[in-house]
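Engineer: what's the 3D shape of this:
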Amino acid sequence: MSDGEEAAADGGPEESSFIEYGIDEKPPLLESVFLGFQHYLTMIGATVAIPLALAGAMGMFEAAPGEIGRLIGTFFVVSGIATLAQTVIGNRYPIVQGGTFSMLAPALAIIGVVAAGNPSEPLWEASILELQGAVIIAGLVEVLIGYFGVMGKLKRYMGPIVIAPVIALIGLALFNTPQITNPNFGAPGSGQDWWLLGITLVSIVLFSQYLDKYHRVFRLFPVLIGIAVAWGIAVVLSVTGVYAPGTVSYVDLGSAASASLIQPITPFQWGMPRFTPAFAIGMIAGMLASAIESFGDYHSVARMAGRGAPSSRRIDHGIGMEGLGNTFAGIMGTGNGSTSYTENVGAIGITGVASRYVVQIGAAVMIIVGYFGPVGQLFATIPAPIVGGLYIVMFGQITAVGLSNLKFIDLDSNRNVFIVGLALFAGLAIPAYMGAVGSAAAFQEGLSNVAVIGGILGTTVVANTVFVIGSTGMAVGGIIAFFLDNTIKGSREERGLVEWEMMTEDDADFVPFWQRVTGDDDTPPSRAD
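Structural biologist: Okay, here's the model as predicted:
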């Protein structure tokens, strides 16, 4: 009897028909290496983009160009270790962990404040030490939120009406990333390369949706093959001079050849962290937005893998472990935190590979890559248009998965339609407004001019917190949907809570790591464990 049939016999959700490898299944080792590598390729854009954004803001390109490769390698190492911890000890879902854009906004704000203070040492050194301290504190706060059960307790008030907009906005909020829209479109030689983006997009769609029926390789590796095709074309056009150095599609293979063979990555490698309360509060706001996104990711993965919605116990362990991942990221000195990667969730939907073992193999590869300079630098040569084509497929898949949760609610109810519509629109509009404002400092200045309450709203702590959360679409949509769904009158059947609770796994189905090791658990582990 298959896993899906066993689940159906037990009254649980039947495993999705497109799933090639379920959560507990272990493909052959060599196949797992390539599948794991594919999972990590989907998030390579974020893993490289975040450290490059931090390096640019901190002036590392001018002051310490040789340290940029080590910063990128640190992101790889932290991602690999945090993923292993989450998949083995945490929520045990096949979710890759890594740097988060939610904590990038407060990080850039912190760098701006440090720069304005004219530090005695180089800006990048002063900034990264401040960032380390802020990330460590935010991580410890998330550990408390997770292991004290805060998110789990809130889960009983979060049904499909809340989950659907949160997951959908994870995808929708990223439609205008630079890799897709390229804000420098009008600049000579730096505009978007729609041909290369289109080749990537068409290749992934072709292999995953049309050719998947003809060969198993196309079904398992559509993302890997699609990126390889586009990347190979970009390399050829770069070598032949069609793509000139400095253009958006140029592949600089020389950068990989000149990278250090082995780069040292150790705890506190930049120095001892500094702890500034105002900076920590801003980073905590970013962490809260990240935790809301992870809450949606957990439900998205469970739904794609055909599993019941995660229990409160599993969610708490997942968030708690993400807090430990954040703390570890601060100790290692990424200048950013660690969270669940949405791109990896989208890859599961496209490839049908939901194996926890595959993700763990990929995590081990990433740790090796982090210390091996040329490989990490080679990943960094993937042109932005290729990443943009990948994002269109990934985030579109995630958006659709989020909206599919609406099938559990009464869509003939005006109440439900109103809440979902408002949450989705506000989750797009408010971050767009924050983007137009430009920075936390500009937002604070505007709030300080508000009559009567400007003195309160215009404080650094309040302004930074509101700006970071308001810049995060899934946080805005989730908060609005949560408030309205729990205050506007509606029956539990109408809100989808009855069917939702029937689908949710029991807390006893999730066996914590220490109980599995010591054998203290009296209940048999579920298939999800």
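
Engineer: Which parts of the stretch 251-400 of the chain are helices?
Structural biologist: 253-257, 277-304, 312-332, 342-351, 356-371, 373-379, 384-404 (DSSP state H, counting those that start in this stretch).

Engineer: which parts of the first one are buried?
Structural biologist: I take that to be helix 253-257. Within helix 253-257, the residues that count as buried by 16 or more other C-beta atoms under 10 Å are A256. Quick note: C-beta positions are derived from backbone N, CA and C, even for glycine.

Engineer: Contacts for that helix, please.
Structural biologist: 235, 238-239, 374-375, 377-378, 380-381 (C-beta atoms under 8 Å, 6 or more residues apart in numbering).

Engineer: still on that earlier bit, using TSV, lay out the helices of the stretch 251-400 of the chain together with distance to A440 and mean pLDDT.
Structural biologist: Converted to TSV, the helices of the stretch 251-400 of the chain look like this (distance: least, C-beta to C-beta, whole Å; pLDDT from 0 to 100):
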stretch	distance to A440	mean pLDDT
helix 253-257	33	80
helix 277-304	7	83
helix 312-332	20	94
helix 342-351	24	79
helix 356-371	31	91
helix 373-379	31	78
helix 384-404	25	83
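
Engineer: how about these, which one is nearest P106?
Structural biologist: helix 277-304 (4.0 Å; C-beta to C-beta).

Engineer: could you check the angle helix 312-332 makes with the closest one?
Structural biologist: Regarding helix 277-304 and helix 312-332, their directions subtend 130 degrees when assessed with axes from the mean of the first three to the mean of the last three C-alpha atoms, to 10 degrees.

Engineer: pretty sure E293 contacts S102?
Structural biologist: Yes. Counting by C-beta atoms under 8 Å, E293 does reach S102; the two are 6.4 Å apart.

Engineer: what touches both of those two?
Structural biologist: Going by C-beta under 8 Å, 6+ apart, residues that sit against E293 and also against S102 are 339, 472, 475.

Engineer: Which helix or which strand is home to the last one?
Structural biologist: So that's A475. helix 473-487 (DSSP states H and E).

Engineer: And for R92?
Structural biologist: Under DSSP H and E, no helix or strand contains R92.

Engineer: Tell me how far it lies from Y40.
Structural biologist: Going from R92 to Y40 by C-beta to C-beta, to the nearest Å gives 19 Å.

Engineer: what ranges do the strands span in this structure?
Structural biologist: 97-98, 339-340 (DSSP state E).

Engineer: For I348, find the nearest of those.
Structural biologist: strand 339-340 (12.0 Å).

Engineer: and that closest one, which strands flank it?
Structural biologist: Partners of strand 339-340 in the sheet, by DSSP bridges, are strand 97-98 (antiparallel).

Engineer: still on that earlier bit, ok, of the shared contacts of E293 and S102, which one's closest to L174?
Structural biologist: T472 (11.1 Å).

Engineer: Is there a neighbour count for the closest residue to the closest one other than its chain neighbours? I'd like the number.
Structural biologist: Once flanking residues are discounted, T472 sits nearest to A289: 3.8 Å by C-beta to C-beta, 6 or more residues apart in numbering. By other C-beta atoms under 10 Å, the residues close to A289 number 28.

Engineer: ok, now S120?
Structural biologist: Neighbours around S120, by other C-beta under 10 Å: 7.

Engineer: Distance check, it against A126.
Structural biologist: 8 Å.

Engineer: picking that back up, give me the more crowded residue out of R92 and Y40.
Structural biologist: The neighbour count for R92 versus Y40, taken as other C-beta under 10 Å, is higher for Y40 (27 against 23).

Engineer: Am I right that that one is in contact with I367?
Structural biologist: No. In this structure, Y40 is not within contact of I367 by C-beta under 8 Å, at 11.0 Å.

Engineer: Identify the residue nearest F175 in space, chain neighbours excluded?
Structural biologist: Distances taken as C-beta to C-beta, 6+ apart place F395 nearest to F175, at 7.0 Å, with adjacent residues excluded.

Engineer: The one you found and A49: what is the separation?
Structural biologist: From F395 to A49 the distance is 15 Å (C-beta to C-beta).

Engineer: Next up, phi/psi of the most centrally placed residue in the chain, please.
Structural biologist: Computing the C-alpha centroid of the chain and ranking residues by C-alpha atoms, centre = their mean puts Y341 first, at 2.8 Å. Backbone geometry at Y341, expressed as degrees, to the nearest 10, gives phi -90, psi 120.

Engineer: residues touching it, list them.
Structural biologist: Contacts of Y341 (C-beta under 8 Å, 6+ apart): 42-43, 46, 95-98, 297.

Engineer: and with 10 Å instead?
Structural biologist: Contact partners of Y341, counting by C-beta atoms under 10 Å, 6 or more residues apart in numbering, are 39-40, 42-43, 46-47, 79, 83, 95-100, 294, 297, 347, 394.

Engineer: same deal with V202?
Structural biologist: By C-beta under 10 Å, 6+ apart, V202 lies in contact with 226, 229-230, 389.

Engineer: farthest pair in those residues?
Structural biologist: V229 and G389 (10.7 Å).
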